[in-house]
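A.B. asks: coords please:
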Amino acid sequence: MVTESTEWTDLERRLELEDLFDELYETEFEDDMLISQKVREVYKSARPPQMERRVYFKELLRLQFELIKLQDWVEATGERVCVVFEGRDSAGKGGVIKRIMQRLNPRICRVVALSKPSEQERTQWYFQRYVNHLPSAGEIVLFDRSWYNRAGVERVMGFASEEQVDQFMQDAPEFERMLNRSGIRLVKYWFSITDEEQQLRFLMRIHDPMKQWKLSPMDLQSRVRWEDYTKAKEEMFQATNIPEAPWYVVEANDKRRARLNCIAHFLDLVPYHEIPKETVELPHRVFHSDYERSRLPRELYVPERY
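C.D. replies: Predicted coordinates for the structure are as follows:
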């Protein structure tokens, strides 16, 4: 027998799914629909076909539901999880971070994306400004670039001396072992793309007015110094790939597969389980016979243009 309650629950689920798909479509729409047809054709012809959008959405939703379970487990157990996202410019770090955060509670899972250090921070212990953002109990922190700036952009662009870089290569493994001993789960991802793929993505940013803000003079220099970045990355891996905090490389030429592979791998690394929750019931609204909603002045309302 179908009850009114069952019908209402089914309606809620359908509306929620519609909202989820609208949000997913909107996110994907902004990824590839605001560039010129010519650039889009060049981009698609120069790379293998991407995963079918319907399959991608289905898997992404499934993984995001698992991320919610992980979030609940972190909050309930007081775990501290820290994830570092590194890689070349335009490799897709921001895209996977956006998909991880999309359904999560920003009070539990937060993103740290620091700008260049201030004059005061330059006088501090190098790791100090990152320590301030490490997770407390029941938190997940996603670093969109991290202390590894010193081994990458700072080294290649000449913002750090070779002596400072050498010191970092010695200090970083010890710093991460300290985090490990303190109980922080540290996961490090490197998003890897080819020379040709980065060139195509930069061209898309140049021609896409919605993404031009992502393209900085430093990004343009990274194209010129591709080989220098390769050498810096290889030496960084050699010095900082330790058992307590290994590097995990995400093949990221295909954005959709890279996002799914990264999220699935992250979920596999953490021994979370579903946390039982109390059943929530919506209380009945209290009605009063003398209640009357007052009318606000029309000028307070946002004009209805759509």
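
A.B. asks: where do the strands sit along the stretch 51-200 of the chain?
C.D. replies: Taking DSSP state E, counting those that start in this stretch as the test, the strands found in the stretch 51-200 of the chain are 80-87, 109-112, 139-144, 184-192.

A.B. asks: columns distance to Lys231, mean pLDDT and mean neighbour count on top of those, output as JSON lines?
C.D. replies: Yep, even glycine has a C-beta here, placed from its N, CA and C like the rest. Converted to JSON lines, the strands of the stretch 51-200 of the chain look like this (distance: least, CB to CB, whole Å; pLDDT from 0 to 100; neighbours: other CB atoms under 10 Å):
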{"stretch": "strand 80-87", "distance to Lys231": "16", "mean pLDDT": "98", "mean neighbour count": "23"}
{"stretch": "strand 109-112", "distance to Lys231": "27", "mean pLDDT": "98", "mean neighbour count": "18"}
{"stretch": "strand 139-144", "distance to Lys231": "23", "mean pLDDT": "98", "mean neighbour count": "22"}
{"stretch": "strand 184-192", "distance to Lys231": "15", "mean pLDDT": "98", "mean neighbour count": "20"}
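
A.B. asks: shaky segments in the stretch 1-150 of the chain?
C.D. replies: 1-48 (pLDDT under 70).

A.B. asks: so Gly138 touches Gly78, yeah?
C.D. replies: Yes. Between Gly138 and Gly78 there is a contact under CB atoms under 8 Å: 5.2 Å.

A.B. asks: more neighbours: which of those two?
C.D. replies: Taking neighbours as other CB atoms under 10 Å, Gly138 and Gly78 compare with Gly138 leading, 17 against 11.

A.B. asks: now the more buried one: how far from Val131?
C.D. replies: 18 Å (CB to CB, to the nearest Å).

A.B. asks: so for stretch 208-215, what gets flagged as buried?
C.D. replies: Judged by neighbour count (16 or more other CB atoms under 10 Å), stretch 208-215 contains these buried residues: 208, 211, 215.

A.B. asks: equivalent analysis for stretch 151-166, please.
C.D. replies: Buried, per 16+ other CB under 10 Å, within stretch 151-166: 151-156, 160, 165.

A.B. asks: tell me where the stretch 151-300 of the chain has helices.
C.D. replies: 153-156, 162-181, 195-207, 217-224, 226-240, 255-269 (DSSP state H, counting those that start in this stretch).

A.B. asks: ok and the third one relative to helix 226-240, angle-wise?
C.D. replies: Taking axes from the mean of the first three to the mean of the last three CA atoms, to 10 degrees, helix 195-207 and helix 226-240 form an angle of 120 degrees between their directions.

A.B. asks: helix 195-207 - what's its average pLDDT?
C.D. replies: When pLDDT is averaged over helix 195-207, the result is 89.

A.B. asks: C-alpha coordinates for that helix, PDB please?
C.D. replies: The C-alpha coordinates for helix 195-207 follow below in PDB (Å, rounded to 0.1, in the frame of the first residue of the first chain):
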ATOM      1  CA  ASP A 195      53.300  19.200 -22.600                       C
ATOM      2  CA  GLU A 196      50.700  19.200 -25.400                       C
ATOM      3  CA  GLU A 197      47.700  19.000 -23.000                       C
ATOM      4  CA  GLN A 198      48.900  21.900 -21.000                       C
ATOM      5  CA  GLN A 199      49.400  24.000 -24.200                       C
ATOM      6  CA  LEU A 200      45.800  23.200 -25.300                       C
ATOM      7  CA  ARG A 201      44.400  24.100 -21.800                       C
ATOM      8  CA  PHE A 202      46.300  27.400 -21.800                       C
ATOM      9  CA  LEU A 203      44.900  28.200 -25.200                       C
ATOM     10  CA  MET A 204      41.400  27.500 -23.900                       C
ATOM     11  CA  ARG A 205      42.000  29.800 -21.000                       C
ATOM     12  CA  ILE A 206      43.200  32.600 -23.300                       C
ATOM     13  CA  HIS A 207      40.000  32.300 -25.400                       C
END
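
A.B. asks: nothing else from me, thank you.
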